[in-house]
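# Fold the following for me, if possible:
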Amino acid sequence: MQLKEIEKLAASVMERAVDAKEVAGVNLLVLKDKAPVLSLQAGYADLENKILMADDTIMRLYSMSKPVTAACMMILMQRGLVDLNDPVSKFIPAFANQTYVNGNALSLVQRPMTVHDLLFMTSGLSYGSDSAAGKATSDLFAEMDARLSTKDAMTTREFADRVGKNPLEFEPSSNFMYGISADILGALIEVISGMSFAEFLKKEITDPLEMPDTGFFVPAQKQSRLSKVYARTENGLTLYTGDHLAIKNKMDTLPAFQSGGAGLVSTLKDYANFGTMLLNGGSFKGRQILEPEIVRYFTQGTLQPWQQESLSRGWGGLEGYSYGNLMRVMKDPSKAIMYTTLGEYGWDGWLGPYFSNHPGCDITFLAGIQLTDAGTTPTVRKLRNVVLPNLLNNR
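Next up, the predicted model:
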């Protein structure tokens, strides 16, 4: 299929989603052999003011921040500044002598939480649940939200210190559970580097990768490019202005809590440079960010069998994938619910931004949506099914 035909098909998927009010707007950027081949937009970044989605629209990444955070930890690893088997308590003493929920009681952990546990979501940390551990996390986020716009806003390090004193959902490494592990990695990066997470990110990732619109807030001169957020309700799409996970919706000031799990904003063009660096063996425009062998380690994570069972049984939509270094990794395309390629890796976010790299065929696929509780949307799956196989057949 010719590129023009692929573009027409993708555009029709996007326009149908907007017309059906499934999304306010959607952005698509696809690179093949590290060069853009598709850049499409449909709908609005701001419905109320009729501002169209554009190729430079800034979006809240939420969990699509996680691969960037993990890449920061890879930089520290390749410099010999951290051993992934180090206990987290080596850097943040509050994580010493932790307890975990054991039936109706709390038990001391037999094995301390490690940096590796944080990268593979086997730490026992959650985003909240009905257990004593989950309720402690939910209460902490409630306190953070209450302090968010005050002079006493909780910092990245205070958050980590508080989390370390709370019980865990399970003994570290005994299970997989998606949670706040990446936020603790943000605090580790600060301790190990001696910089704020924002400073480290700028020095090591966003400046060398030429990602000027990526960071923890959107300055005043760029606020007009920040997409609004929408929620699907019985009355259609409605504007959402709430804060979530202690991340301000307005993104208008540098936060005290620089969330490694959810805090970044970016554009698809910026994030494409991050994806390109990884597909290029850690190099970008002649500068080596990560060593090629570190990139291979970073992008080939696999859970242990007993951990994989929790992912496979508990997360519909990730059939065929394993997880490691804060990303899904495709291990068995025959089980997938959408078209994919062996070795694909990436992640998405709460509001619907989406990233996948396909190293076997040198493709970066990026989509941008700002819709609450979105994750990987049907629109994104349809776009993958339209774009990826046809692009590979476009020889």
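
# any idea how far the residue most central in space within the chain is from residue 311?
Nearest to the geometric centre of the chain sits residue 64, at 2.1 Å (CA atoms, centre = their mean). Between residue 64 and residue 311 the computed distance is 18 Å (CB to CB, to the nearest Å). Every C-beta, even on glycine, is put in place using the N, C-alpha and C of the backbone.

# swap in residue 268?
The spacing between residue 268 and residue 311, counted by CB to CB, is 27 Å.

# try residue 251
Per CB to CB, residue 251 is found 31 Å from residue 311.

# May I see the buried residues of the longest strand anywhere in the chain?
Taking DSSP state E as the criterion, the chain has its longest strand at strand 35-46. Using 16 or more other CB atoms under 10 Å as the test for burial, strand 35-46 gives 37-46.

# ditto for stretch 349-363
Within stretch 349-363, the residues that count as buried by 16+ other CB under 10 Å are 349-359, 363.

# Span of that stretch from start to end?
20 Å (CA to CA, to the nearest Å).

# Check the offset of it from the chain's centre.
Distance of stretch 349-363 from the chain centroid (CA atoms, centre = their mean, to the nearest Å) equals 11 Å.

# helices or strands up against the longest strand of the chain?
With contacts defined as 3 or more CB pairs under 8 Å, 6 or more residues apart in numbering; DSSP states H and E, strand 35-46 has these neighbours: helix 3-19, strand 25-32, strand 51-52, helix 378-392.

# can you tell me which of these comes nearest to residue 332?
Of all those, helix 378-392 sits nearest to residue 332, with 16.7 Å by CB to CB.

# what angle separates the closest one from strand 35-46?
160 degrees (axes from the mean of the first three to the mean of the last three CA atoms, to 10 degrees).

# now helix 378-392: how far from the chain's centre is it?
Taking CA atoms, centre = their mean, the mean C-alpha location of helix 378-392 is offset from the chain mean by 21 Å.

# buried ones in it?
Applying 16+ other CB under 10 Å to helix 378-392 flags 379-384, 386-388, 390-392 as buried.

# can you give me the angle it makes with strand 25-32?
20 degrees.

# pLDDT on helix 378-392, on average?
Confidence for helix 378-392, expressed as mean pLDDT, is 96.

# where does this structure have low pLDDT?
Counting by pLDDT under 70, the ranges of the chain that qualify are 395.

# quick one: the helices in it?
With DSSP state H as the criterion, the chain has helices at 3-19, 66-78, 115-120, 132-147, 156-164, 181-193, 197-201, 268-279, 292-298, 305-314, 378-392.

# and of those helices, who's closest to residue 322?
Here helix 305-314 is closest among those (CB to CB), at 6.0 Å.

# what comes into contact with the closest one?
Applying CB atoms under 8 Å, 6 or more residues apart in numbering, the contact partners of helix 305-314 are 120, 122, 173-177, 302-303, 318-319, 321-323.

# that older thread, minimum distance to residue 331: which of the helices of the chain has it?
Smallest distance to residue 331 across the helices of the chain (CB to CB): 9.1 Å, for helix 305-314.

# list the contacts for the closest residue to residue 136 other than its chain neighbours?
Spatial nearest neighbour of residue 136, chain neighbours left out: residue 166 (4.1 Å); criterion: CB to CB, 6 or more residues apart in numbering. By CB under 8 Å, 6+ apart, the contact set of residue 166 is 133, 136-137, 140.

# Repeat that for residue 253.
residue 217.

# CSV for the buried residues of strand 35-46, including distance to residue 218?
Shown next, in CSV, are the buried residues of strand 35-46 (distance: CB to CB, whole Å):
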residue, distance to residue 218
37, 28
38, 26
39, 21
40, 23
41, 19
42, 23
43, 20
44, 18
45, 13
46, 14
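
# From those, pick the one nearest residue 59.
Distance to residue 59, by CB to CB, is smallest for residue 45 among those, at 8.6 Å.

# ok, for the closest one, nearest residue in space, not its chain neighbours?
residue 227 (4.1 Å).

# tally of neighbours for the one you found?
Neighbourhood size, residue 227 [other CB atoms under 10 Å]: 24.

# Surely it touches residue 25?
Yes: contact criterion CB atoms under 8 Å: residue 227 and residue 25 qualify, at 7.1 Å.

# list the residues that contact both of the two?
Each of 45, 53, 57, 370 lies in contact with both residue 227 and residue 25 under the rule CB under 8 Å, 6+ apart.

# Now the buried members of the contacts of helix 305-314.
Those of the contacts of helix 305-314 that meet the buried threshold are 120, 122, 173-177, 303, 318-319, 321-323, by 16+ other CB under 10 Å.

# now, which of these sits nearest residue 212?
Proximity of those to residue 212 (CB to CB) peaks at residue 323, which lies at 30.6 Å.

# List the buried residues in stretch 333-352.
For stretch 333-352, a neighbour-count test (16+ other CB under 10 Å) marks 333, 336, 338-341, 343-352 as buried.

# I'd like the contacts of residue 166 laid out as JSON lines, including neighbour count and distance to residue 82.
Putting those into JSON lines (neighbours: other CB atoms under 10 Å; distance: CB to CB, whole Å) gives the following:
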{"residue": "133", "neighbour count": "24", "distance to residue 82": "25"}
{"residue": "136", "neighbour count": "18", "distance to residue 82": "27"}
{"residue": "137", "neighbour count": "22", "distance to residue 82": "25"}
{"residue": "140", "neighbour count": "19", "distance to residue 82": "25"}
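
# Fine by me, we can end here.
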